[in-house]
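K.L.:
Dropping the sequence and predicted coords here.
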Amino acid sequence: MADRFLTGKTAVVTGSNSGIGLGIAEALAGAGADLVINSFTDDAADHELAERLARDHGVQVRYVQGDMSKAADCRALVEKAGRCDILVNNAGIQHVAPIEDFPAEKWDAIIAINLSSAFHTTAAALPMMRKAGWGRVVNIASAHGLTASPYKSAYVAAKHGIVGLSKVTALETAADPITCNAICPGYVLTPIVEKQIPDQMKTHGMSREDVIRKVMLARQPSGEFATVEQVGGTAVFLCSDAAAQITGTTISVDGGWTAL
């Protein structure tokens, strides 16, 4: 984006060393925001990514390791940032199984990372935003925050929770120049999704094109994946002055999935 209207702002993006989180981080940096990116790993590649983003966009970027399943790490991430004008809660994991077979430890992990982490980071960030007199909280929910699919009990519960948390956060900050909204993507072509395609081809005995159209995008009427750039652009819009009165709502980036 040519208009670097976020210059001087600092964005903290959880789960941002790949996929949707990285796409959002790229978009925010392109609009001039300094970044604190995060994941649970602490590899040389993570820090090299931060350096690459800084070079590409001419902003300050730091990588901070943090396990988003741990409340202390969530709050420490924001505290280590030192400033948080924009908080993007993106970290998430998935597990698929029938309810009666769903491992309890998987349920606990998904609720912790996909939902509770957003509560803890938001609780740490709001005092900073109030002190600065401006703030944006962007929560990455899902089409599954508005509808459901079988065998995804923990994920669907967590994403519905994210939508509810976004509404409460918006109401509690409505008198301040702070907004909170949830983006609800459908299927997005990320490296994780890309890796699933060969396995689906073997399982269903289908071509790549048929797996994408008949299996993965069966509920996405556009018949096309959303892109990380589109989700990133939506996040940037929510940080703009044009979105100053958009709060407590959801924006679907799902090719019509939730219109059905």
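P.N.:
Cool, the structure landed.
K.L.:
Let me see the ranges of the helices in this protein.
P.N.:
Listed in chain order, the helices of the chain (DSSP state H) span 19-30, 44-57, 71-81, 104-111, 117-132, 153-172, 191-204, 208-210, 228-238.
K.L.:
ok, how many other residues are close to the residue nearest to Ser153 when sequence neighbours are not counted?
P.N.:
Nearest non-adjacent residue to Ser153, counting by Cβ to Cβ, 6 or more residues apart in numbering: Ile99, 5.2 Å away. Bear in mind the C-beta positions are built from the backbone N, C-alpha and C, glycine included. Neighbour count for Ile99, taken as other Cβ atoms under 10 Å: 10.
K.L.:
do the same with the one 5 residues further on
P.N.:
Look at Ala104: counted by other Cβ under 10 Å, it has 8 neighbours.
K.L.:
Tell me the spacing between Val137 and Phe119.
P.N.:
Applying Cβ to Cβ, to the nearest Å, one obtains 11 Å for the distance of Val137 from Phe119.
K.L.:
Equivalent analysis for Gly30, please.
P.N.:
From Gly30 across to Phe119, the span is 29 Å (Cβ to Cβ).
K.L.:
For the two, indicate the residue with more neighbours.
P.N.:
Counted by other Cβ under 10 Å, Gly30 and Phe119 do not tie: Gly30 has more neighbours, with 22 against 17.
K.L.:
Wait, the more buried one touches His57, no?
P.N.:
Yes - when contacts are counted by Cβ atoms under 8 Å, Gly30 is listed as touching His57 (5.8 Å).
K.L.:
Using CSV, write out every CA atom in stretch 123-141.
P.N.:
Provided in CSV are the C-alpha atoms of stretch 123-141 (Å, rounded to 0.1, in the frame of the first residue of the first chain):
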residue,chain,number,x,y,z
ALA,A,123,-6.0,-7.6,28.5
ALA,A,124,-2.3,-6.6,28.3
ALA,A,125,-2.7,-4.4,25.3
LEU,A,126,-5.8,-2.3,26.2
PRO,A,127,-4.0,-0.2,28.9
MET,A,128,-1.3,0.7,26.3
MET,A,129,-3.9,1.7,23.7
ARG,A,130,-5.9,3.8,26.2
LYS,A,131,-2.7,5.6,27.3
ALA,A,132,-1.8,6.2,23.6
GLY,A,133,-5.3,7.4,22.8
TRP,A,134,-5.8,5.0,19.9
GLY,A,135,-5.9,1.3,19.2
ARG,A,136,-7.1,-1.5,17.0
VAL,A,137,-7.7,-5.1,18.0
VAL,A,138,-8.2,-7.4,15.0
ASN,A,139,-9.1,-11.0,15.9
ILE,A,140,-8.7,-13.7,13.3
ALA,A,141,-11.8,-15.9,13.7
